[in-house]
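Participant: Structure for the following, please:
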Amino acid sequence: MSEAAASVEDQISAIWTEHFPELVFGRSDNLFSLVADSLQAVLILMVINRHFKISIPITVLLTTPFTVTELARLVELYRLGTFDEAAVRQLLDEVEGMSEQEVADQLGLAIVG
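Facilitator: The predicted model follows:
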């Protein structure tokens, strides 16, 4: 992971922590399932859009994993102006076809448990 990507993830994590201080989450946790309702998730998206001066549409978030890592990737794509929803869907299809261990290996993570 590049330093810039890590910084974006840190900023997104900080936004979530600021709005949900009681929430314990990891970078790959589905944040949508951890908040009380979808309206809260949409409000956080608005904060993220404002913070990074981008416009990620709600529809994209409803069709992609709502994780810190994925949000950071989308932020980077939108900041670069290179977002391609079809490419994102293709990448997600590839990831969804992988086992948890394969994903962890690709990300350089160890699975605990």
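
Participant: what sits up against the helix or strand of the chain with the lowest mean pLDDT?
Facilitator: Ranked by mean pLDDT, DSSP states H and E, the helix or strand of the chain with the weakest confidence is helix 85-96, at a mean of 74. Helix 85-96 is contacted from outside by 60, 63-65, 74, 77, 103, using Cβ atoms under 8 Å, 6 or more residues apart in numbering. Bear in mind the C-beta positions are built from the backbone N, C-alpha and C, glycine included.

Participant: Please produce TSV containing these, extended by distance to residue 86.
Facilitator: As requested, the contacts of helix 85-96 are exported to TSV (distance: Cβ to Cβ, whole Å):
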residue	distance to residue 86
60	12
63	11
64	12
65	17
74	14
77	12
103	21
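
Participant: Helices - which of the residues you listed land there?
Facilitator: Judged by DSSP state H, helices contain the following of those: 60, 63, 74, 77, 103.

Participant: ok, now how distant is the second one from residue 10?
Facilitator: Which is residue 63. Distance of residue 63 to residue 10, computed by Cβ to Cβ, to the nearest Å: 25 Å.

Participant: again, but for residue 42
Facilitator: According to Cβ to Cβ, residue 42 stands 22 Å off from residue 10.

Participant: Kindly report the same for residue 49.
Facilitator: With Cβ to Cβ as the criterion, residue 49 and residue 10 are 18 Å apart.

Participant: Same question for residue 72.
Facilitator: With distances taken as Cβ to Cβ, residue 72 is found 9 Å from residue 10.

Participant: Tell me the buried residues in the host helix or strand of residue 47?
Facilitator: Using DSSP states H and E, residue 47 sits in helix 38-52. Buried residues in helix 38-52, defined by neighbour count with 16 or more other Cβ atoms under 10 Å: 41, 44-45, 48-49, 52.
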